[in-house]
Structure formats: C-alpha cells, structure tokens
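In: got a sequence here, can you model it:
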Amino acid sequence: MSWTDERVELLKKMWGEGQSASQIAKELGGVTRNAVIGKVHRLGLSNRNTTPKSEAKPKAEAKPKAAPKPKAEAKPKPKPAAEAKPEPKTEPAVPPKPAMSPARKAIIPAGQPLPPQPSANEISPEALAKVNEVEKAAKKLSLMELTERTCKWPVGDPATEDFWFCGLPVQQGKPYCEAHVGVAFQPMSSRRDRKR
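Out: Below you'll find the model as predicted:
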C-alpha cells in the first residue's frame, strides 16, 4: 500500500474530524492503525483536541458554580541569576528503608559479623557434640559443588575464604545431614520453652 495524495487527504480530513486511527485505517483499507499513527506523526497532525469544544462547554456550564476560593498568597519571584546567591550543597535525602519482614532480617550482608549462634542451652548437648564431630568429617564443599544429595549447612563467615558447606549425605527429604537436621529442626516444645 502506498500513500497516494487522495489517501493522505482523506487521512487529514478524518483526523481533523476527530476520528480514531483504527477508524481511519478501516476506512482507508490495507493499512494498520499503527501505519495511520505513523503517517499522522510524519505529517505533523498529531496535536489535536480529542474532544470538540462544542461538547466540552455544555458540560462545564452544567456544573453549579461553587463559592470562589480565596486566592493563595503570591509566591515571591526568584531573584535573577546575577543576584541569586549559590545555595550550599546538601546531600540528597536518603529515603527511609522499608520495614523488613522477619525472614529478611536474617540475611546478613557480606563482610558483616554473623549473629551469635544458638547457645548450648538452646541445643541439646548430644546434638552439639554430634555437630562438632560431623564438622570434623565434613567434605567442606563450595557453593558450586553442592547437589541435592549434599548437606547445605553453612559453616563460617561467607565473607571470608574459610567459608564452606558440610557436604555430607542429606537426611531423606531434608536439606541437611542427620546432625545438622538435629540442630535446624527442633521439636515444637523446645522452641516454646525458649520463648518463655
């Protein structure tokens, strides 16, 4: 399809009447709505009033007039650039951080010290002894070496080179080995006792 003089004139006429690009495309035939919009922009016709003035006036007049609002005090005009004193540079305001959910609070940025680990009175001595023994025999895997069958218990500070994962075989249906499951998944009663 080419834009002949006749088709361009029809486009201008219909656009001036306030018809949509879809309507114009349908009337012209063989062009898409986007082609019409593109041609309108190339012709410089894109600035048009979407509502005819004759329709807008009755609606405005139909509204009851409200009491006149008191005029706001006039703002002082800014001084010309020659007279204006440069304002001291200030740091941009830092928006407040959104409140973090309890699950997000547990994430610690790299390089920050880890929170205190559960104390001995929170974990049974048997479980603690088992963890200490297991960590001596751990495979000390990196993140890239982990699989679905290896224990994903992190040991150490993630910001240091001494950080590693246990790597021993996992307990069925859990992400950790038997010893780390004993520490990570505690019975409900012991968690209730700790909160008191």
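In: same for the helix or strand where residue 39 lies, what does it pack against?
Out: Using DSSP states H and E, residue 39 maps to helix 33-43. When contacts are defined as 3 or more CB pairs under 8 Å, 6 or more residues apart in numbering; DSSP states H and E, helix 33-43 packs onto helix 5-16, helix 21-28. (C-beta placed from N, C-alpha, C; glycine too.)
In: let me see the mean pLDDT of the last one.
Out: So that's helix 21-28. Across helix 21-28, pLDDT averages out at 91.
In: how about stretch 153-173, which residues are buried there?
Out: Under the neighbour-count criterion of 16 or more other CB atoms under 10 Å, stretch 153-173 has 153, 164, 165, 166, 167, 168, 170, 171 buried.
In: just confirm the first one contacts residue 178, I think it does.
Out: No - shown here, residue 153 and residue 178 do not form a contact pair, counting by CB atoms under 8 Å, at 11.0 Å.
In: residue 45 is nearest to which of the helices and strands packed on helix 33-43?
Out: Of all those, helix 5-16 sits nearest to residue 45, with 5.3 Å by CB to CB.
In: now for the closest one, which elements pack on it?
Out: Packing partners of helix 5-16 (3+ CB pairs under 8 Å, 6+ apart): helix 21-28, helix 33-43.
In: now do the buried residues in the helix holding residue 39.
Out: With the criterion 16+ other CB under 10 Å, helix 33-43 contains buried residues 35, 36, 37, 39, 40.
In: mind putting the residues you listed in JSON lines, pLDDT included?
Out: Output for the buried residues of helix 33-43, formatted as JSON lines (pLDDT from 0 to 100):
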{"residue": "35", "pLDDT": "91"}
{"residue": "36", "pLDDT": "89"}
{"residue": "37", "pLDDT": "90"}
{"residue": "39", "pLDDT": "90"}
{"residue": "40", "pLDDT": "89"}
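In: from those residues, pick the one nearest residue 8.
Out: Of the buried residues of helix 33-43, the one sitting nearest to residue 8 (CB to CB) turns out to be residue 39, at 7.4 Å.
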